[in-house]
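Participant: Quick check, what structure comes out for this input:
(one chain, ligands or ions: 1)
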Amino acid sequence: MKTYQYFVANAWHDPDEENYFKSENPATGKAWARLPDCNAEDVNRAVAAAKSAFYEGPWGKLHPAERGRVLRRIGDTISRHADRLGEVELRDNGRVPNAADSLKPGAWQVDSFHYYAGMCDKFEGRLIPAEVPDMHNYLTYEPFGVVAQILPWNSPLGTLIWKLAPCLAAGNTVVIKPSEQASCSVLELMDILLEAELPPGVLNVVTGFGAATGEPLIDHPDVRLVSFTGGTAGGRAAAAVAARQVKPVIMELGGKSPQVVLPDADLDLAVNGIAAGIFPAGGQSCISGSRLLVHREVIDDFTDRLVEVVKKARVGDPEDPKTQIGPMANRPQYERVLKCIADAESAGHRMLLDGRQSGREEGYFIGPTIFADVPNESHLAQNEVFGPVVSTEAWETEAEVINKANATVYGLAAGVWSRDVARAMRIADQVEAGTVYINNYFNAATQSPVGGFKQSGYGRENGWEGMRCYLQTRSVWLSTNPHQPDPFAD
Ligand code: NAD
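Facilitator: All right, here's what the predicted structure looks like:
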């Protein structure tokens, strides 16, 4: 079994108390790696290294153009090792499609480093026409200092890259806490990045659980900003810890994204697009559009076609290139999804497709599962399953479907399917979601910000806004005619 250490100041360390936890391969259910269970002492060491790299340099003092060169080196180094990273993420997380595909040269995810490398020396200050005589007022955008990045277990490398590139481009240093269910590929990434010759302390990783590792990190007085991706419950707990020191937080949380199918939709397009927007990652994606609201005139035709399309999906060994849906990424999630399915059956929802019969003896496999006539108020329609489970419900009027689409605590993404573009846009404009797709789903690009409305989070990742979240504004007043009359003169 492989034993990992945690990563601080470009060096590997054993955990203070020498405690470890195990990571399983979800395709076999067998433990394959041991990871440091870091405590507050380990966290202190990581934060001290990040603080020193920021204040004593050279990172905090590097010219932005030089930071850009380092970011390009990071992107190139990752691409050279894409296959190694993909292999580890596959073993640890069962991720299909393989993460390597998005890390190869020019691939969209790793390109984040090149995109933000270019932004480093183009993020300009501003001169403000302040209505005060003889004053020159200008704004500069400053890094926060040490940033804590807390990651979920789905797409660990992908979610990290989206945070890391803008955060480093802005001039911050980082302590990463990956999910206890998916830390191996993140540690492997640090090993690879030693080749990119980052100054020590710019990047640090502590592994462990939310309460024992995540909380002391967020609560550390030298951590100035928290960037959290995870479930809404975890986010709420993390934000409460950050609030003790009124610490700013970027929150990328869960969703229960609706897909609105209009009666005039191209049903083949909608079925394929919706299936591709839920099932390939086994539904383990934050924007998974798993709450289907289909017009009554077409719902039977739509669900028949959906069942036909998704029951062909090849669920199985993630190492087999023919596999289209891998396992649930870990045992707790596998058990949670099985319970959601059992609860939906007990609630009397009509099951159209049951994905529990994977035919495999080991591992955490669940195939596409579809329920019909699921009222929007029900537990299944309101709560994120984070698995390959879909609910469908019919609607009749536009006002009704907009109400249903918005009637959850979430607001991460939504889909609208119609041949009538004006009508689709009218609906899209009324849906409370950070991303709305019309006649497509699941697209993302480094240039385009993503984030949530309502309890799906705040702050944005990607694009100009992604970098802006990692910078704070300083306003400087310079007198062009320095004089100050006696304020207490008669
Ligand atoms: P989670 O909330 O259980 O855990 C996320 C991370 O937070 C883990 O590293 C965990 O250890 C840590 N954590 C939990 N409680 C904490 C606390 N009190 N203090 C500090 N750290 C704490 O989420 P998960 O199950 O790992 O991930 C799945 C969730 O992530 C889903 O809800 C999914 O929708 C969401 N997600 C959102 C996005 C997005 O961009 N909006 C992207 C990916 C995943």
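
Participant: contacts and neighbour counts: CA atoms only from here.
Facilitator: OK.

Participant: so who does the residue in the chain sticking out farthest from the centre touch?
Facilitator: Centroid-distance maximum for the chain: Asp490 at 62.2 Å, with C-alpha atoms, centre = their mean. With contact set as C-alpha atoms under 8 Å, 6 or more residues apart in numbering, Asp490 has no partners.

Participant: Got the confidence number for it?
Facilitator: In this model, Asp490 is scored at 88, pLDDT.

Participant: Next: Lys61.
Facilitator: On pLDDT, Lys61 comes in at 88.

Participant: Then Gly363?
Facilitator: 94.

Participant: For Glu24, see how far away it is.
Facilitator: 10 Å (C-alpha to C-alpha, to the nearest Å).

Participant: cool, Lys61 as well?
Facilitator: Counting by C-alpha to C-alpha - Lys61 and Glu24 are separated by 42 Å.

Participant: show me the contacts for the closest residue in space to Ile74 that isn't next to it in sequence.
Facilitator: Distances taken as C-alpha to C-alpha, 6 or more residues apart in numbering place Ala196 nearest to Ile74, at 5.7 Å, with adjacent residues excluded. Residues in contact with Ala196 (C-alpha under 8 Å, 6+ apart) are Val70, Arg73, Ile74, Thr77.

Participant: What ranges does the stretch 151-300 of the chain have for its helices?
Facilitator: With DSSP state H, counting those that start in this stretch as the criterion, the stretch 151-300 of the chain has helices at 156-169, 184-193, 215-219, 232-243, 267-276, 299-310.

Participant: Just the pLDDT at the spatially most central residue of the chain, thanks.
Facilitator: Residue closest to the mean C-alpha point of the chain, counted by C-alpha atoms, centre = their mean, is Thr159 at 4.4 Å. Note on Thr159: pLDDT of 96.

Participant: I'd assumed Asp83 was in a helix, is it?
Facilitator: Yes. Asp83: assigned to a helix according to DSSP: H, G, I helix; E, B strand; the rest coil.

Participant: so how many other residues sit close to the closest residue in space to it that isn't next to it in sequence?
Facilitator: Leaving aside its sequence neighbours, Asp83 sits nearest to Ala100 (C-alpha to C-alpha, 6+ apart; 5.3 Å). Residues contacting Ala100 under the criterion other C-alpha atoms under 10 Å number 23.

Participant: Then Gly367?
Facilitator: Gly367 has 27 nearby residues by other C-alpha under 10 Å.

Participant: Backbone dihedrals for it, please?
Facilitator: phi -90, psi -180 (degrees, to the nearest 10).

Participant: What separation is there between it and Ala40?
Facilitator: Separation of Gly367 from Ala40 (C-alpha to C-alpha): 40 Å.

Participant: One more: Leu198?
Facilitator: Per C-alpha to C-alpha, Leu198 is found 25 Å from Ala40.

Participant: now swap in Asn93 and tell me
Facilitator: Taking C-alpha to C-alpha, one finds Asn93 at 27 Å from Ala40.

Participant: Settle it for me: which of the two has more neighbours?
Facilitator: Using other C-alpha under 10 Å, the more surrounded residue of Asn93 and Ala40 is Asn93, with 29 against 16.

Participant: Would you agree the more buried one is in contact with Ala182?
Facilitator: Yes. Asn93 lies in contact with Ala182 (C-alpha atoms under 8 Å); the separation is 6.4 Å.

Participant: Give me the common contacts of those two.
Facilitator: Trp153, Asn154.

Participant: how many degrees apart are the host helix or strand of Glu393 and helix 299-310 in direction?
Facilitator: Per DSSP states H and E: Glu393 is located in strand 389-395. For strand 389-395 against helix 299-310, the angle by axes from the mean of the first three to the mean of the last three C-alpha atoms, to 10 degrees is 160 degrees.

Participant: picking that back up, what's the pLDDT at the residue nearest to Ile74?
Facilitator: pLDDT at Ala196 comes out at 94.

Participant: ok, back up a step: have a look at Lys61 and Glu24 and say which one is more surrounded.
Facilitator: Between Lys61 and Glu24, counted using other C-alpha under 10 Å, Glu24 has the larger neighbour count: 22 against 13.

Participant: For the residue nearest to Asp83, give me its contacts.
Facilitator: Ala82, Asp83, Arg84, Leu85, Gly86, Glu87.

Participant: cool, Val431 as well?
Facilitator: Counting by C-alpha under 8 Å, 6+ apart, Val431 has contacts Ile402, Ala405, Asn406, Ala414.

Participant: Return the distance of Tyr115 relative to Val88.
Facilitator: Tyr115 is 26 Å from Val88, by C-alpha to C-alpha.

Participant: Pull up the residues of the protein that are close to the ligand.
Facilitator: 150-154, 177-180, 209-211, 214-215, 229-231, 234-235, 237-238, 252-255, 286 (C-alpha under 6 Å from any ligand atom).
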